[in-house]
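# show me the folded form of this:
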Amino acid sequence: MAQIIDKNTENRIKETSAPPLSTAPGRDVSAPEVSHDSPLPSLVVEDQTPAHLAGLADRARGYVEAASSANTRKAYASDWKHFAAWCRRSNLAPLPPHPQTVGLYIAACASGTAERGARANSVSTIERRLSAIGWNCAQRGTPLDRKDRAIATVMAGIRNTHAAPPRQKEAILPEDLISMLETLDRGTLRGLRDRAMLVIGFAGGLRRSEIVGLDLGRAQTEDGRGWIEILEKGMLVTLRGKTGWREVEIGRGSSDSTCPIAAVETWVKFARLAHGPLFRRVTGKGKSVGPERLNDKEVARLVKRAAMAAGVRGDLSEIERAFKFSGHSLRAGLASSAEVDERYVQKQLGHASAEMTRRYQRRRDRFRVNLTKASGL
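Model (predicted):
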């Protein structure tokens, strides 16, 4: 920071940054009034928006919210709250966004001084916080220039100093999945539901949000992220993912005990579902099915719980195993075990590049192509 923010720069911060925040506890007077759950400022400005356009402005705000997932908005709201609190303690204003202020903030995050008693944030967390600041500022009409040297150079230094290889979750391979299915009770609604979620998540290479976002048919709910269509040879899953709409074909399995289509059909039959969310909460001590859609965190809990019960990676301690599995373990398992052309796996997972697909291949033969021998050595 010494090379970027010198004495002259410090003086410029004092001269050009917005006035300090109010000392009133918990109040950020420099930003529009927004809730922590929804950081978007209202698109309806009092005394400026004609009354007959108020409804249209509210609908436009809804479209703005729909531009990002609920999880993303929640994370961005939390990050903005963290940044605004740091600015308040540092007697700096978060709006309008001053590059030097943001540069100091991410340096504080990297050094563990952004809040009392906190540990240094990882590079990925700092990058997410930086994205959240930029997003929130853009929604308020005060865009942040992330290419400014006070931000870009500091961020580059943080990456060079603190970046570490990504910690990948363990892949659930076919033999692991079969063992996990055996731990689930086939005689209960919860067991039937959990079996269907595991096998469709694995066979489709679906994200946890995509699994719980499925409906029984097209356009049946407002919060749905796709729907299923059961055909003679398999199941067609239509999804609205990160890169737009895509279709995922899931074929029938060689055995009813592991067939994803059979598992889904059994769940739908005994749960008596005809419309709306595919995977729902089981209520009434496991004897009835509620109308509410499952939270995507339930998928991660299910994968971890079933993997632990099945003894997957039993060579590790209980604590180590607990950190090895998540919802992404299903996607990684399909990518690692499918013995087909890589491009088919890439399409199934919805990846834009083959390189991203390879990141999911945990237990592949890395030396199948031996360039050393091919070169004549």
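
# for this protein, what are the low-confidence residue spans?
Counting by pLDDT under 70, the chain has low-confidence residues at 1-49, 166, 242-243, 339-342, 351-352, 354-371.

# how does it divide into domains?
Per automatic domain parsing, the structural domains of the chain span 7-162, 174-359.

# strands of the chain, start to end?
Along the chain, the segments classed as strands by DSSP state E run 214-215, 226-230, 234-241, 244-251, 280-283, 288-293.

# reformat those strands as a markdown table; add mean neighbour count and distance to residue 144.
C-betas here are computed from N, CA, C, even on glycine. A markdown table is the format used below for the strands of the chain (neighbours: other C-beta atoms under 10 Å; distance: least, C-beta to C-beta, whole Å):
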| stretch | mean neighbour count | distance to residue 144 |
| --- | --- | --- |
| strand 214-215 | 22 | 36 |
| strand 226-230 | 18 | 33 |
| strand 234-241 | 18 | 27 |
| strand 244-251 | 15 | 27 |
| strand 280-283 | 17 | 40 |
| strand 288-293 | 14 | 35 |
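
# can you redo those as a markdown table with distance to residue 123?
Listed next are those as a markdown table, based on distance: least, C-beta to C-beta, whole Å:
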| stretch | distance to residue 123 |
| --- | --- |
| strand 214-215 | 34 |
| strand 226-230 | 32 |
| strand 234-241 | 25 |
| strand 244-251 | 28 |
| strand 280-283 | 37 |
| strand 288-293 | 34 |
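
# count of neighbours near the spatially closest residue to residue 181 that is not a sequence neighbour?
Nearest non-adjacent residue to residue 181, counting by C-beta to C-beta, 6 or more residues apart in numbering: residue 195, 5.7 Å away. Residues within reach of residue 195, counting by other C-beta atoms under 10 Å, total 24.

# next: the one 10 residues further on.
Summarising burial for residue 205: neighbours were counted as other C-beta under 10 Å, giving 25.

# was I right about it contacting residue 347?
No: the criterion here is C-beta atoms under 8 Å, and residue 205 misses it with residue 347 at 9.5 Å.

# contacting residues for residue 260?
By C-beta atoms under 8 Å, 6 or more residues apart in numbering, the contact list for residue 260 reads 196, 199-200, 202-204, 235, 250, 252-253.

# just the buried residues out of those residues, in ChimeraX syntax.
Buried residues among these (16 or more other C-beta atoms under 10 Å), as a ChimeraX selection:
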select :196,199,200,202,203,204,235,250,252,253
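
# quick one: which of the contacts of residue 260 sit in helices?
Secondary structure from DSSP state H places 196, 199-200, 202-204 of the contacts of residue 260 in helices.

# what is the nearest of those to residue 274?
Proximity of these to residue 274 (C-beta to C-beta) peaks at residue 196, which lies at 16.1 Å.

# re earlier: distance to residue 217 for the contacts of residue 260 - can I get that in TSV?
Output for those, formatted as TSV (distance: C-beta to C-beta, whole Å):
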residue	distance to residue 217
196	17
199	21
200	16
202	23
203	20
204	17
235	13
250	17
252	20
253	23
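
# that older thread, name the nearest of the ones in helices among the contacts of residue 260 relative to residue 259.
Nearest to residue 259 among those is residue 199, at 7.4 Å by C-beta to C-beta.

# hmm, the closest one is touching residue 265, no?
No: applying C-beta under 8 Å, one finds residue 199 not in contact with residue 265, separated by 11.6 Å.

# in stretch 140-152, what counts as buried?
140, 144, 148, 150-151.

# farthest pair within the residues you listed?
140 and 150 (20.1 Å).

# show me what the longest helix seen in the chain is packed up against.
Looking across the chain with DSSP H, the single longest helix is helix 70-89. Other elements packing on helix 70-89 under the criterion 3 or more C-beta pairs under 8 Å, 6 or more residues apart in numbering; DSSP states H and E are helix 99-111, helix 123-139.

# could you redo those helices as CSV and give each row distance to residue 286 and mean neighbour count?
Below are the helices and strands packed on helix 70-89 laid out as CSV (distance: least, C-beta to C-beta, whole Å; neighbours: other C-beta atoms under 10 Å):
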stretch, distance to residue 286, mean neighbour count
helix 99-111, 44, 22
helix 123-139, 38, 19
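
# format those as CSV; extra columns: distance to residue 117.
Listed next are the helices and strands packed on helix 70-89 as CSV, based on distance: least, C-beta to C-beta, whole Å:
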stretch, distance to residue 117
helix 99-111, 13
helix 123-139, 16
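
# so which of those comes closest to residue 353?
Taking the helices and strands packed on helix 70-89 one by one with C-beta to C-beta, helix 123-139 is closest: 19.2 Å.

# how far does that closest one sit from its chain's centre?
Chain-centre distance of helix 123-139: 14 Å, with C-alpha atoms, centre = their mean, to the nearest Å.

# just stretch 234-245 next, same as before
That offset, for stretch 234-245, works out to 17 Å (C-alpha atoms, centre = their mean).

# ok, residues contacting that stretch?
With contacts defined as C-beta under 8 Å, 6+ apart, stretch 234-245 is touched by 200, 204, 206-207, 210, 213-214, 218, 225-229, 246-252, 260-261, 264, 350, 352.

# may I have that stretch as CSV, with CA atoms only?
Extracted in CSV, the C-alpha atoms of stretch 234-245 (Å, rounded to 0.1, in the frame of the first residue of the first chain):
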residue,chain,number,x,y,z
GLY,A,234,-35.5,-41.4,-19.8
MET,A,235,-36.1,-38.0,-18.4
LEU,A,236,-35.6,-34.6,-19.9
VAL,A,237,-34.7,-31.9,-17.4
THR,A,238,-35.0,-28.3,-18.6
LEU,A,239,-33.0,-25.9,-16.4
ARG,A,240,-32.4,-22.2,-16.0
GLY,A,241,-28.8,-22.2,-14.9
LYS,A,242,-26.0,-19.6,-14.6
THR,A,243,-25.4,-19.5,-18.3
GLY,A,244,-29.1,-19.5,-19.4
TRP,A,245,-31.5,-22.3,-20.3
